[in-house]
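K.L.:
Mind looking at a prediction? Sequence and model below.
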Amino acid sequence: MHALILLAIALAPGVAIGVYIYLKDHHEREPIGLLLRAFLFGLLSVIVTFILSGIIDLFVSIDKNSLSEQAVHAFLIVALVEEFSKFIFVRGILYNNIHFNEPFDGIVYSVLVSMGFATLENVLYAFDGGMGTAIMRMFTAVPAHATFAVLMGYYLGKAKFEHKKSYYALHALGVATLFHGAYDYFLFISWVPGIVLGALASLVVGLWLSKKAIRIHQLASPFKNPVDTQPPAA
């Protein structure tokens, strides 16, 4: 029974955030089957991360007490590898799907892939660290992954429908990596007194930017009713 409760707590945040983003797609919602595929791609991206990280570990060692080496660890070895593992599924597969037909879809698919990644990662951490770890990650790591995904999806939406240049999609990977790396870096050097607050600050900023990104792409939908953009009556 304890294992089932722990599993439910580990699964809950990723599923809840996925549903939340689905409901935020006000104008032209994506097929459920395609969203489930996106979530599955997120699970597969964990495997890609394990493979890439394993290869890197063969050649690179990090001094846990070095601020500069921990920066390399946070931004390149962890953040870039994880975000790239998710990015290849969103940009390489979902981006070209006929249902990716409005800017907000970049956010939807990026978040669903990221929640697949975060959910499997969360289950692994929860069963390794126990209930306390599962509850803590419910309010920190999983929402953080969601903010990275919203920012990635925001730029993927701009790349496809505004700039219409494929290389602009690299901005999506760069921004997600930057925020992911900043969040992890403050955690990796938590031995510095008070520095862990930086991770909380980066999460708060990420949530604020994500809220703005969602609103911008909602308003940019070609499927919206014109009345949606009208100011409320006095």
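P.N.:
Ah, there it is. Because the structure is a prediction, the values reported are computed rather than measured.
K.L.:
The helix or strand in which residue 71 is found: which residues count as buried?
P.N.:
Secondary structure assignment for residue 71, by DSSP states H and E: helix 67-72. Within helix 67-72, the residues that count as buried by 16 or more other Cβ atoms under 10 Å are 69, 70, 71. All C-beta atoms are positioned from the backbone trio N, CA, C, and that covers glycine.
K.L.:
Tell me how far the second one lies from residue 171.
P.N.:
Relative to residue 171, residue 70 is positioned 25 Å away (Cβ to Cβ, to the nearest Å).
K.L.:
One more: residue 184?
P.N.:
According to Cβ to Cβ, residue 184 stands 20 Å off from residue 171.
K.L.:
Pick out whichever of these two has more residues nearby.
P.N.:
Comparing residue 184 with residue 171 by other Cβ atoms under 10 Å, the one with more neighbours is residue 184, at 23 against 17.
K.L.:
so what's that one up against?
P.N.:
For residue 184, the contact set (Cβ atoms under 8 Å, 6 or more residues apart in numbering) comprises 73, 74, 75, 78, 79, 199.
K.L.:
Excluding sequence neighbours, find me the nearest residue to the last one.
P.N.:
I take that to be residue 199. Once flanking residues are discounted, residue 199 sits nearest to residue 186: 3.9 Å by Cβ to Cβ, 6 or more residues apart in numbering.
K.L.:
just residue 21 next, same as before
P.N.:
When the adjacent residues along the chain are set aside, residue 21 lies closest to residue 111, with 4.5 Å between them (Cβ to Cβ, 6+ apart).
K.L.:
Residue 118 contacts residue 145, correct?
P.N.:
Yes: between residue 118 and residue 145 a contact is recorded at 4.0 Å, counting by Cβ atoms under 8 Å.
K.L.:
which SSE is residue 16 in?
P.N.:
Assigning secondary structure by DSSP H and E places residue 16 in helix 2-24.
K.L.:
Name the residues of that helix that are buried.
P.N.:
Buried residues in helix 2-24 (16+ other Cβ under 10 Å): 6, 9, 10, 11, 13, 14, 17, 18, 21, 24.
K.L.:
Next one: the first one from residue 117, what distance?
P.N.:
The one in question is residue 6. According to Cβ to Cβ, residue 6 stands 19 Å off from residue 117.
K.L.:
Likewise for the last one?
P.N.:
Applying Cβ to Cβ, the value for residue 24 to residue 117 is 20 Å.
K.L.:
Just the CA coordinates for the helix holding residue 71, please, in CSV.
P.N.:
C-alpha atoms of helix 67-72 as CSV (Å, rounded to 0.1, in the frame of the first residue of the first chain):
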residue,chain,number,x,y,z
LEU,A,67,32.2,26.6,-8.4
SER,A,68,33.4,26.7,-12.0
GLU,A,69,33.2,23.0,-12.6
GLN,A,70,29.8,22.8,-11.0
ALA,A,71,28.7,25.4,-13.5
VAL,A,72,29.9,23.2,-16.3
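K.L.:
contacting residues for the residue nearest to residue 199?
P.N.:
Residues counted as contacts of residue 186 (Cβ under 8 Å, 6+ apart) are 195, 196, 197, 198, 199, 202.
K.L.:
again, but for residue 149
P.N.:
Applying Cβ under 8 Å, 6+ apart, the residues near residue 149 are 86, 107, 110, 111, 113, 114, 115, 176.
K.L.:
try residue 190
P.N.:
By Cβ under 8 Å, 6+ apart, residue 190 lies in contact with residue 196.
K.L.:
Phi, psi for it please.
P.N.:
Main-chain dihedrals, residue 190, degrees, to the nearest 10: phi -60, psi -10.
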